[in-house]
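A.B. asks: with the sequence up front, the predicted model follows.
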Amino acid sequence: MTTIYHNPRCSKSRQTLALLDERGIEPDIIEYLVTPPSIEELTNILAMLGLGPRNLLRKKDAKEAGLDDPGLDDAALIKAMVANPIVIERPIVINNGKAALGRPPESIAEIL
């Protein structure tokens, strides 16, 4: 099963969804701004991506939300990301226990 954490207003997210469609993949679409991941889900996604939470923050949105404070630890960042999902970089595609960030959209090919 393939899942995409999607924001329909984001061009990269739409392009990634189109790329999945071109490959005949019908993913489970999670509009993460409407249904944000839980702390556990986001922790698992970060592990699959091999990234720390700071690496999954949208820089401008994180700064506006006050999450650019270097004193915030990973647990605090994850909690804030779940509470303010707009700061999470997108799209994220999960397939067979692996995850990839669709920036650029073609980067998801390695997990399909």
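C.D. replies: All right, it came through fine.

A.B. asks: report the central residue of the protein.
C.D. replies: By Cα atoms, centre = their mean, the chain has its centre lying nearest to Ile92, at 3.8 Å.

A.B. asks: the nearest residue to Gln15 once chain neighbours are set aside and Val82, how far apart?
C.D. replies: Closest residue in space to Gln15, ignoring its immediate chain neighbours: Pro105 at 4.4 Å, by Cβ to Cβ, 6 or more residues apart in numbering. Every C-beta, even on glycine, is put in place using the N, C-alpha and C of the backbone. Distance of Pro105 to Val82, computed by Cβ to Cβ, to the nearest Å: 25 Å.

A.B. asks: please identify the helix or strand for the residue nearest to Arg14 when sequence neighbours are not counted.
C.D. replies: In space, and not counting its chain neighbours, Arg14 is closest to Pro8: 6.7 Å by Cβ to Cβ, 6+ apart. Using DSSP states H and E, Pro8 sits within no helix or strand.
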